[in-house]
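Asks: Based on what follows, work out the 3D shape:
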Amino acid sequence: MQIPVTAACAALCGLLILVLAFRVSLLRMRYRVAIGDGGHDELVRAIRVHANTIEFVPIFVLLSLCYELYAGANAVLIGLDGVFVAARIAFAVGYSLAPVHPLRRLGAGLSYLSLLLASGLLLAAVVTTI
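Replies: Residues are numbered from 1 along each chain as shown. Next up is the predicted model:
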């Protein structure tokens, strides 16, 4: 069985994680910090953006996969996965710009909402097949 929606979401999230990891590496080189953040706010934010993305992506991709296996590729899943990827990008850009930024708030809120909706859709799909 093919899972094109989840596969595309996972690929985009993988690229986002790679970009964020590369940014951390570049900042470590710039500030000459091998371990930790060296007290540099920009590096602290880059590390947290990367870590936060790694915290959210696996569970969302798993929920997306399970839902796609139950319900198939559909417009709801495509939209939800698109919102999630956009939310993670907004969060990364916003938090990279400033600790308190409207894009960070928007990205966080949409990430929470995406997880809630993905969980609810999956639960509904499971319950209706029992």
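Asks: going forward, measure contacts between C-alpha atoms and count neighbours the same way
Replies: Fine.
Asks: Identify the residue nearest G38 in space, chain neighbours excluded?
Replies: Y31 (7.8 Å; C-alpha to C-alpha, 6 or more residues apart in numbering).
Asks: just C66 next, same as before
Replies: L122 (7.0 Å).
Asks: burial count for the one you found?
Replies: Neighbours of L122 under the rule other C-alpha atoms under 10 Å: 21.
Asks: Break down the protein into its strands, ranges please.
Replies: Per DSSP state E, the chain has no strands. Nothing in it meets that criterion.
Asks: ok, longest helix in it?
Replies: Identified as the longest helix of the chain according to DSSP state H is helix 41-71.
Asks: which parts of that helix are buried?
Replies: The neighbour-count check on helix 41-71 (16 or more other C-alpha atoms under 10 Å) flags 42-50, 53-54, 57, 60-61, 63-69 as buried.
Asks: again, but for stretch 76-88
Replies: In stretch 76-88, counting by 16+ other C-alpha under 10 Å, buried: 77-78, 80-88.
Asks: Which member of these is positioned nearest V19?
Replies: Nearest to V19 out of those is R88 (C-alpha to C-alpha; 12.3 Å).
Asks: Let me know the distance separating V76 from L122.
Replies: Separation of V76 from L122 (C-alpha to C-alpha, to the nearest Å) stands at 12 Å.
Asks: can you check Y95 too?
Replies: Taking C-alpha to C-alpha, one finds Y95 at 30 Å from L122.
Asks: cool, L116 as well?
Replies: Taking C-alpha to C-alpha, one finds L116 at 10 Å from L122.
Asks: ok, now N74?
Replies: For N74, the distance to L122 equals 13 Å [C-alpha to C-alpha].
Asks: now L26
Replies: 39 Å.
Asks: Okay, helices next: where are they in this protein?
Replies: Counting by DSSP H, one finds helices in the chain at the ranges 4-31, 41-71, 75-97, 102-129.
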